[in-house]
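The following comprises the amino acid sequence and a computationally predicted model.
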Amino acid sequence: MSRKLRIPALAVVLSALSYTPISGNPAGYPSLSAFLGFSAKIRAAAAPDRPGIYFLAGSLSAFEGLSRIVLKPFAEKVNGRIGRYRLGVWPYEKRAPAHPRYANPKGFIEVMPENFATRVSEHFTLGEFVTKDQREVWPKYVVLDQRLLDKLELTIAELSSRGLPVSGLHVMSGFRSPRYNARGVGAGGRSAVSRHQYGDAADVYPDGDRDGRMDDLNRDGRVDLKDARILADAADAVEHKNPDLAGGIGLYPATSAHGPMVHIDARGKRARWPSDWGQR
C-alpha cells in the first residue's frame, strides 16, 4: 500500500518535527533529527492517519525519497492476532509494566508484498525486520523503532571511519512477535521480555560477500568472536557519542545454525553481555 503525498516542502518540515519514531515510545529527538535521526539516514517516520506507507513529495532536498508510515493501532490486535496474522501477547499487556520502556507498542506497521522492500533508512528495508514466521500470511505486522535504525546506521558509519567500510549489516533477527519469541524462552535462551518484541533490537553482522556469515573484519583469515567484538566496539562508540541511543550490546559466538553475531538495541539503558566482552 503506497501513495504519493503531494504537499509543499515547508509543510513536510513542520509536520516532521512532531513525528514519533516508526513505532514504540517517542525518542525525543530535537529539530530536524525528529525525522532524519542523528545519523541523518532515516528514510521513514510514523504519523497518525489511515494505516499505510506514503511517499513524501516536495522540493526540499533533505526530504527527497522519504516516506511516512501510518501505524495500525495496537487496539486492533484481538485475541493475539490481527486478521490471520498471529502476534501473541506482550509481556505486560495484562498488567502494569515494570518500567515504561516495557509498555505495549503504540501500533504496528502493516507489511504487504508491495511495501516489503520500502527503505526505512539508507541501508535497511522494512522487510528485513519482519518476524521470520507465517511466511504465507499477508498482511504482516511489525514494530520498528527509529532509534534502532539510527544506531545501526551510525554503527556502519563508525566502522567506515575506522577503515572498515561495510556495505551494510545483515539483520538475522529484527522484530520478534511475542508468540514467536516465546518459542525460545528458557534457560540459556531468549528473554521473556526481549527487546526484539518492542522493535528496538536486532541481531546483526556485516556480510559484504553475502555468504551468510560475518565478514572477516580483522582480516586474520578466520571469522570468530574477534570480528564480532569489532562490530560491538563500534556500536559502543556510537553510544558514547549519542547517549540518547543507549541500550544493549551482546556478543554471540557461532553455532551450528549461524556464525558469530552482535545484538544491538536502543532500550534507553546501557546493558552488556557477556560482561567482559570489552576486555578480551
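Ah, there it is. Residues are numbered from 1 along each chain as shown.

what number of residues lie near residue 193?
Neighbours of residue 193 under the rule other C-beta atoms under 10 Å: 18. For glycine as for every other residue, the C-beta is placed from the backbone atoms N, C-alpha and C.

would you say it is within a strand?
No - judged by DSSP: H, G, I helix; E, B strand; the rest coil, residue 193 forms no part of a strand; its state is coil.

Surely it is in contact with residue 102?
Yes - proximity of residue 193 to residue 102 meets the contact threshold set by C-beta atoms under 8 Å, at 6.1 Å.

shared neighbours, those two?
residue 91 (C-beta atoms under 8 Å, 6 or more residues apart in numbering).

What separation do you get for the spatially most central residue of the chain and residue 169?
With distances taken as C-alpha atoms, centre = their mean, residue 148 lies nearest the centre of the chain, 4.3 Å away. Distance, residue 148 to residue 169, by C-beta to C-beta, to the nearest Å: 11 Å.

Between these two, which contacts overlap?
With C-beta under 8 Å, 6+ apart, residue 148 and residue 169 have common neighbours residue 202.

count of residues packed around residue 117?
Around residue 117 there are 10 residues (other C-beta under 10 Å).

List the contacts of it.
Counting by C-beta under 8 Å, 6+ apart, residue 117 has contacts 125, 126, 127.

Strands - which of those land there?
Among the contacts of residue 117, no member is found in strands (DSSP state E).

Quick check: buried residues in stretch 118-127?
118, 119, 120, 121, 122, 123, 124, 125, 126, 127 (16 or more other C-beta atoms under 10 Å).

roughly how far is that stretch from the heart of the chain?
10 Å (C-alpha atoms, centre = their mean, to the nearest Å).

tell me the average confidence for that stretch?
Mean per-residue pLDDT for stretch 118-127: 93.

change the start of the numbering to 5 and stick with it
In the new count, where the first residue is 5, that last one comes out as stretch 122-131.

Now do the buried residues in stretch 205-217.
205, 206, 207, 208, 209, 210, 211, 217.

Give me the subset of those residues lying in strands.
Filtering the buried residues of stretch 205-217 for strands - DSSP E - leaves 205, 206, 207, 208, 209.

show me the residues around the first one that make contact.
Meaning residue 205. Here residue 205 is in contact with 152, 178, 198, 199, 251, 252, 267, 268, 269, 270, 271 (C-beta under 8 Å, 6+ apart).
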